[in-house]
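> Just need the structure, nothing else, for what follows:
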Amino acid sequence: LNNLSSNGTLLAFANQAKARIVNPKLSGRSAMVGTIATEDGAAVMECKWCTFDGTAPYLALALKSGLQVWSADAHRMFLWAPIATMLAKETQGGPVHDLHTVGLCSFTSGGVDCLCVGSSVGTVVVFHHDRTQGKFTLAQSLRTKAPSEHEPAVAALASSARGSGGVLLARADGAGAIQLWSTTDGNTFIAGCRIVAEDVACTGVCVREQLVVGAYSNGELRVHDADSGAKLARVAAHARWINALAIHPTKLTVAAASEDTHVSVWNIAQEADSVTVKNASFWQVQDAILCGVAFLGKGGETVAASAYDSNVLHTWSLP
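Predicted structure coming up:
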């Protein structure tokens, strides 16, 4: 899972039971804009900047114990949703081992603002956002099986607009699958194709209109068609597990951070029914298990990466 997120100006990263907000243009202690510490000491699994059409960014935290949504300056909490409330149906049969939330994305469809959070039991929980009151309310849960049936844990979520107000939602899981849903109103979600990879975990996912990009535990990046699920490209991007995947804010370019201590950037080009993937950059952070990656700056001209159990962020300029 990607523990680093950018809103173009600020970076936020998860570090144990804290989420830290950083302004990379500043140096020293002044670069630390804010810190959110969970009151119950629950681990922050993932943090994500979430924006809705024309609104100020929120910072969403997927926790071991639930979901929180904060203002960008970390001064006000807009939502606290305990995991027992979000997953009441899934836990009716008794306690679930290692229950937590993971995977975050946000979008607006048909004028409805949606914040989605994944879970270790495979459920994707959808919250609606009221812009007038600034409130988030639990709207529905998405699964491909009944709550009593097993589904693999969510590894990552992603979304992308698809014309006429429609949105594509993608859920990557630890069993190697990417499940797609589409919505045109933020209320009705129609299950689309299921992209399956054998003998690997899908560790990250990005979507951009018609294309779905998945990152995998064998170091591969794979590009699929969103409608048919057909595999369009396959790249041996890294030597080890890819921990994080991010997509450029405006270009069809992705960045991956891996356990092999490297960050890679790839340009994807689509012409008719063919897709080509070319490496744009490759950087190493020695002796670091990289677990977060994000594009930074208004034009996404900088790539940032974070490492496991470290407060140090690394940045590079795109060529």
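
> When you work out contacts or count neighbours from here on, use the C-alpha atoms and nothing else.
OK.

> and stretch 187-198, how far out from the chain's middle?
17 Å (CA atoms, centre = their mean, to the nearest Å).

> List the buried residues for that stretch?
187, 189, 191, 192, 194, 195, 196 (16 or more other CA atoms under 10 Å).

> Check stretch 74-86 too.
Buried residues in stretch 74-86 (16+ other CA under 10 Å): 74, 79, 81, 82, 83, 84, 86.

> Would you check that residue 121 makes contact with residue 149?
No: counting by CA atoms under 8 Å, residue 121 sits too far from residue 149 to count as a contact (9.4 Å).

> Neighbour count for these two, which is higher?
The residue with more neighbours, out of residue 121 and residue 149, is residue 121; 23 against 10, by other CA atoms under 10 Å.

> Check the gap between that one and residue 183 for me.
Separation of residue 121 from residue 183 (CA to CA, to the nearest Å) stands at 22 Å.

> Residue 210 now?
Here the criterion is CA to CA. By it, residue 210 lies 14 Å from residue 183.

> repeat for residue 286
43 Å.

> Comparing these two, which residue is more hemmed in?
residue 183 (20 against 10).

> circling back to that earlier point, among the buried residues of stretch 74-86, which one sits closest to residue 314?
Closest approach to residue 314 among the buried residues of stretch 74-86 (CA to CA): residue 74, at 22.7 Å.

> Tell me who's in contact with that closest one.
34, 35, 36, 59 (CA atoms under 8 Å, 6 or more residues apart in numbering).

> Looking at the buried residues of stretch 74-86, which one is closest to residue 102?
residue 83 (11.1 Å).

> tally of neighbours for the residue lying closest to the closest one once chain neighbours are set aside?
Nearest non-adjacent residue to residue 83, counting by CA to CA, 6 or more residues apart in numbering: residue 66, 4.2 Å away. A count of neighbours around residue 66, defined by other CA under 10 Å, yields 24.

> I'd assumed residue 100 was in contact with residue 66.
Yes: using CA under 8 Å, residue 66 makes contact with residue 100 at a distance of 6.8 Å.

> Which neighbours do these two have in common?
Residues touching both residue 66 and residue 100 by CA under 8 Å, 6+ apart: residue 83.

> shaky segments in this protein?
30, 93-95 (pLDDT under 70).

> let's see 80
26-30, 54, 92-97, 163-165, 272-273 (pLDDT under 80).

> Helices of that one, start to end?
Under the criterion DSSP state H, the chain contains helices at 83-86.

> what's the spacing between residue 115 and residue 163?
Counting by CA to CA, the gap from residue 115 to residue 163 is 19 Å.

> More neighbours: which of the two?
Per other CA under 10 Å, whichever of residue 115 and residue 163 has more neighbours is residue 115, with 24 against 9.

> check contacts around the more buried one.
50, 104, 105, 106, 107, 126, 127, 128, 129.

> Now do the contacts for the closest residue to it other than its chain neighbours.
Once flanking residues are discounted, residue 115 sits nearest to residue 106: 4.5 Å by CA to CA, 6+ apart. By CA under 8 Å, 6+ apart, the contact list for residue 106 reads 50, 51, 52, 113, 114, 115, 116, 159.

> just residue 278 next, same as before
266, 267, 268.

> Sort out which one of those residues lies nearest residue 281 for me.
For the contacts of residue 278, the nearest to residue 281 is residue 266 (7.3 Å; CA to CA).

> Tally up the residues packed near the closest one, please.
Residues near residue 266, counting by other CA under 10 Å, number 21.

> How about the one 4 residues further on?
Around residue 270 sit 12 other residues, with neighbours defined as other CA under 10 Å.

> Isn't residue 162 up against residue 182?
No: look at residue 162 against residue 182 with CA under 8 Å: they stay out of range, at 9.1 Å.

> List the residues that are in contact with both of these two.
residue 168.

> more neighbours, those two?
Using other CA under 10 Å as the criterion, residue 162 and residue 182 rank with residue 182 on top: 21 against 16.

> So in terms of bridging, what pairs with the more buried one?
Using DSSP bridges, the bridge partners assigned to residue 182 are residue 168, residue 190.

> which residues touch it?
166, 167, 168, 169, 189, 190, 191, 192.

> just curious, which of the residues you listed is nearest to residue 217?
Set against residue 217, the nearest of these by CA to CA is residue 169 (21.5 Å).

> so how far is residue 101 from the closest one?
For residue 169, the distance to residue 101 - CA to CA - is 17 Å.

> of the two, who's got more company?
Using other CA under 10 Å as the criterion, residue 169 and residue 101 rank with residue 101 on top: 32 against 24.

> The residue nearest to that one when sequence neighbours are not counted and residue 269, how far apart?
Of all residues not flanking residue 101 in the chain, residue 119 sits nearest, at 4.1 Å (CA to CA, 6+ apart). With distances taken as CA to CA, residue 119 is found 33 Å from residue 269.
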